[in-house]
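Participant: predicted coordinates and the sequence they were generated for:
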Amino acid sequence: LNWHILSLCVIAAMETQLSNGPTCNNTSNGPSTISNNCSSPVESGSIEDSKTNLIVNYLPQNMTQEELKSLFGSIGEIESCKLVRDKITGQSLGYGFVNYVDPKDAEKAINTLNGLRLQTKTIKVSYARPSSASIRDANLYVSGLPKTMTQKELEQLFSQYGRIITSRILVDQVTGVSRGVGFIRFDRRVEAEEAIKGLNCQKPPGATEPITVKFANNPSQKTSQALLSQLYQSPNRRYPGPLAQQARFVLILTHALNHVPLLSFYSRFSPMAIDGVTSLAGINIPGHAGTGWCIFVYNLAPDADESILWQMFGPFGAVTNVKVIRDFNTNKCKGFGFVTMTNYDEAAVAIASLNGYRLGDRVLQVSFKTNKTHKA
DNA sequence: TCGGATT
């Protein structure tokens, strides 16, 4: 058994290609995205800074403040430079500020560095709006959008409430179709508040379902567990480390003791192995969500929570997301949940191992998620 | 007995 598990670990080892969504490009914010060149700065920001201070967006996750300063320092003398990080985790939030001494250098930096490709990202360089409380927390998260709605239509819908700084509609990485989720950043918080009042739970013109509009979280905020998982499954790892092996072993052994035979999952072929990800375009593969492999877990207890899913699936490899589906009113688990795993092989092993697993007095059913819907 | 989605 142990030997099989070790072999499996080798077979299952695949390159992790973590891509953080579609590469940002500077046209994606649409034609109505305003210039941040503040000819009439408002409130507390200094007028001088408006011509020297730049905001740099869509920086690669691993870029440091020093690297940012080095890159922009190649243009001219920098007065100050700040990479914005999450207060708690220290993770880069993917943007920063560069303040030049000379306004000419700021202009030059926009002309030469805006649109520069760094790793998987295309950075955006523009004048920073003066810092002020009124422009903070003006970013909205919008869900339930009709899949046909374009970014332009989204902006049209929201523009009645104020000046839009940026907008975006998230798309499936594989199919390119809208995920029905987007973002709108207004110039001022009060505008965002009005948009929530006016549009939350409303049907956009021609739509059949109401949309949800609320304040957005910070970009790429992950749970501490997902961060741990990411750390633990480092991108260059080819084989699971001793800890992973141990955990797998324990789990699979537990499974064996549960008197459910293991499937011959190691002989199963992986669709990822045909000719890589490109072969997946337009093909509907169960559980494949573009960002990973989505697994359906059925027969969870009413009091089940996310931690049990992390505990069960984590040992099999990179888990990026878990979700227990709860009843809106009672907040009790509706009996099922979802787990997203990065690598097909690890997901397949987890499914093969955990399907039929006895959790308390329940026997779990675990499979790739399908497109079933309860709607009529 | 197959959601919600966080650039």
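Facilitator: Ah, there it is.
Participant: quick check: closest non-adjacent residue to the residue in the stretch 251-376 of chain A positioned nearest to DNA strand B.
Facilitator: Across the stretch 251-376 of chain A, the shortest distance to DNA strand B (C-beta to the nearest atom of the strand) belongs to residue A:323, at 3.1 Å. All C-beta spots, glycine's among them, are computed from the backbone N, C-alpha and C. Computed as C-beta to C-beta, 6 or more residues apart in numbering, the closest residue to residue A:323 that is not its neighbour in sequence is residue A:338, at 4.8 Å.
Participant: picking that back up, ok, the residue of the stretch 251-376 of chain A closest to DNA strand B to residue A:155 distance?
Facilitator: Distance, residue A:323 to residue A:155, by C-beta to C-beta, to the nearest Å: 30 Å.
Participant: who's more crowded, those two?
Facilitator: A count of neighbours by other C-beta atoms under 10 Å puts residue A:155 above the other of residue A:323 and residue A:155, at 19 against 14.
Participant: tell me the phi and psi of the more buried one?
Facilitator: phi -60, psi -40 (degrees, to the nearest 10).
Participant: for it, give me the pLDDT.
Facilitator: Note for residue A:155: predicted pLDDT of 97.
Participant: and it, how far is that from DNA strand B?
Facilitator: Counting by C-beta to the nearest atom of the strand, to the nearest Å, the separation of residue A:155 from DNA strand B is 12 Å.
Participant: correct me, but that residue touches residue A:164?
Facilitator: Yes: if you go by C-beta atoms under 8 Å, residue A:155 and residue A:164 touch, sitting 5.6 Å apart.
Participant: run through the stretch 201-350 of chain A and note the low-pLDDT ranges.
Facilitator: A:219-291 (pLDDT under 70).
Participant: can you map out the helices along it?
Facilitator: A:224-232, A:242-257, A:306-313, A:344-354 (DSSP state H, counting those that start in this stretch).
Participant: endpoints of stretch A:353-371, how far apart?
Facilitator: The straight-line separation of the ends of stretch A:353-371 (C-alpha to C-alpha, to the nearest Å) is 23 Å.
Participant: so does that stretch get close to DNA strand B?
Facilitator: Yes: using C-beta under 7 Å from any atom of the strand, stretch A:353-371 reaches DNA strand B at A:365, A:367, A:369, A:370.
Participant: before we move on, back to that, residues contacting the residue nearest to residue A:323?
Facilitator: When contacts are counted by C-beta atoms under 8 Å, 6 or more residues apart in numbering, residue A:338 touches A:294, A:295, A:296, A:297, A:321, A:322, A:323, A:325, A:369.
Participant: give me the number of residues near the residue lying closest to the fifth one once chain neighbours are set aside?
Facilitator: With sequence-adjacent residues excluded and distances taken as C-beta to C-beta, 6+ apart, residue A:321 is closest to residue A:340, at 4.1 Å. Residue A:340: 21 surrounding residues under other C-beta under 10 Å.
Participant: and residue A:340, bridged to which residues?
Facilitator: residue A:294, residue A:321 (DSSP bridges).
Participant: any idea how far residue A:369 is from it?
Facilitator: Going from residue A:340 to residue A:369 by C-beta to C-beta gives 9 Å.
Participant: next one: residue A:178
Facilitator: Per C-beta to C-beta, residue A:178 is found 19 Å from residue A:369.
Participant: residue A:188 now?
Facilitator: 40 Å.
Participant: ok, residue A:118 next?
Facilitator: Counting by C-beta to C-beta - residue A:118 and residue A:369 are separated by 34 Å.
Participant: go on, residue A:65?
Facilitator: Applying C-beta to C-beta to residue A:65 and residue A:369 gives a distance of 40 Å.
Participant: who has more neighbours out of these two?
Facilitator: residue A:369 (18 against 14).
Participant: could you dump stretch A:202-216 to CSV, C-alpha only?
Facilitator: Provided in CSV are the C-alpha atoms of stretch A:202-216 (Å, rounded to 0.1, in the frame of the first residue of the first chain):
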residue,chain,number,x,y,z
GLN,A,202,-32.4,45.3,-8.9
LYS,A,203,-32.8,43.8,-12.4
PRO,A,204,-30.7,45.5,-15.0
PRO,A,205,-32.7,46.4,-18.1
GLY,A,206,-33.6,43.3,-20.0
ALA,A,207,-32.3,41.0,-17.2
THR,A,208,-34.3,38.2,-15.7
GLU,A,209,-32.4,38.0,-12.4
PRO,A,210,-31.6,40.7,-9.9
ILE,A,211,-27.9,41.6,-9.3
THR,A,212,-26.0,41.9,-6.0
VAL,A,213,-24.0,45.0,-5.4
LYS,A,214,-21.8,45.4,-2.4
PHE,A,215,-18.5,46.7,-1.3
ALA,A,216,-15.6,44.7,-2.6
